[in-house]
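A.B. asks: Pasted the sequence and its predicted model underneath.
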Amino acid sequence: MKKILFLFLIIFCSCAEEKSVTDVGSIIPENDDQFPCLNSTADCLNTLILDSDSEWSFNYYSSFPLDSIWNITGAIIVVHGFNRNADEYFENMISVVQSLDLEDQIIVIAPDYSTQDDNPDDQEILWTSNSWKEGSLSVYQTGKEQISSFTIVDKIISDLNNKNNYPNLNTILLTGHSAGAQFTYLYSATNNVEYSLNDINLLYGIANSSSYLYLNAVREIDSNYSIPTDCNNYNDWPFGLDNRNEYASNISPSEISTQLIQRNVNYFNGVLDTTAYSYGCKYTLQGANRLDTGQRHFNHLNYYFPDHNHSFNMVPAASHDNREMYLSMQFINLVEQYFQ
């Protein structure tokens, strides 16, 4: 494993032992009456301290602390979109679990990926506005280790896999909307942490992604599948398997294809998410808009990888809005199916 993984030596000061994660954003009370934390105030905002040498910090919202023993059975990690509004995504996912009366059984976690535009403090780890959603390394700073944005989720899932803290946890859902959906799909294709889980089911929810990772070089052109000739680098990461970043290069293209089609991936596309793309040919080769892109991608999977373990869900009356998508019957049914 590459050296970026060693940097999660994280010190938690307690009277008993060292932990790999620190919730420095809040103090664990003597009683747990304040948990679950169900709003996006500072009470629910926590901080991971990454690497004892570099001392990077990373913020996230959570309904329970990550470093304590809780009798919960499930976890939902929800990744924000391009606007990096993790607080809104956290509250919307809290609304989902409350609608099923599961707020005491499911920990909700919303990572907060920051850029220079977010007025970060000196210790806060940063990405560019596009690099975080692709699993790329953090922005270089002298004397600091660079960390893939995917490695953050690796760490969160690994902590949830700690049976000492979560003895009854059996299901984790990683989901994202828009740019968060791109993040989630790419992560589902490339992570190895899923193989290390102890009797925990990991599934993925992809809502209104604007692009997808294609597992071969063909695209649908004029209702036929063929190799595009008029779009340079159209098959580069994150649109295809060429020129992958450091995290995605840890495994081969064939390994990515094999594990992605076997994983439990669930797509959600809003019927009203039909605003035309203006992003360039790498996007328009996949579809005219997000709905079209989602449908074409699923058709491509059915044609070339018919034994996949993925599902496709149309969400009526939903546009490019994470609350409309997550509070839809289709998404709530997924949560109910796996968490009740």
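C.D. replies: Alright, I've got the coordinates.
A.B. asks: in this structure, which spans are strands?
C.D. replies: 45-50, 56-62, 74-79, 106-111, 171-177, 201-207, 219-221, 224-226, 264-270, 310-315 (DSSP state E).
A.B. asks: where in the stretch 1-150 of the chain is pLDDT low?
C.D. replies: 1-33, 51-54 (pLDDT under 70).
A.B. asks: Okay, helices next: where are they in it?
C.D. replies: Ranges of helices within the stretch 1-150 of the chain are 86-99, 149-160, based on DSSP state H, counting those that start in this stretch.
A.B. asks: Report the buried residues of the longest one.
C.D. replies: If you call a residue buried by 16 or more other Cβ atoms under 10 Å, then helix 86-99 has these buried ones: Ala86, Asp87, Glu88, Tyr89, Phe90, Glu91, Asn92, Met93, Ile94, Ser95, Val96, Val97. All C-beta spots, glycine's among them, are computed from the backbone N, C-alpha and C.
A.B. asks: The fifth one: what's it in contact with?
C.D. replies: Okay, so that is Phe90. Contacts for Phe90 (Cβ atoms under 8 Å, 6 or more residues apart in numbering) come out as Ser40, Cys44, Tyr61, Val78, Val108, Ala110.
A.B. asks: so can I have TSV of the residues you listed showing neighbour count and distance to Ser254?
C.D. replies: Formatted as TSV, those follow (neighbours: other Cβ atoms under 10 Å; distance: Cβ to Cβ, whole Å):
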residue	neighbour count	distance to Ser254
Ser40	19	42
Cys44	25	42
Tyr61	28	37
Val78	27	31
Val108	30	35
Ala110	28	34
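A.B. asks: wait, Gly74 sits on Ile106?
C.D. replies: Yes: Gly74 is within contact range of Ile106, at 4.4 Å (criterion: Cβ atoms under 8 Å).
A.B. asks: out of these two, which sits in the more crowded spot?
C.D. replies: More neighbours surround Ile106 than the other of Gly74 and Ile106, with 27 against 24 (other Cβ atoms under 10 Å).
A.B. asks: Just list the residues touching the more buried one, thanks.
C.D. replies: Going by Cβ under 8 Å, 6+ apart, Ile106 touches Ser63, Ile72, Thr73, Gly74, Ala75, Ile76, Val97, Phe339.
A.B. asks: Please identify which of those is nearest to Ser223.
C.D. replies: Compare each of those with Ser223 using Cβ to Cβ and the shortest gap goes to Ile76, at 38.1 Å.
A.B. asks: which residues does that closest one bridge with?
C.D. replies: Taking DSSP bridges as the rule, Ile76 bridges to Val108, Leu173.
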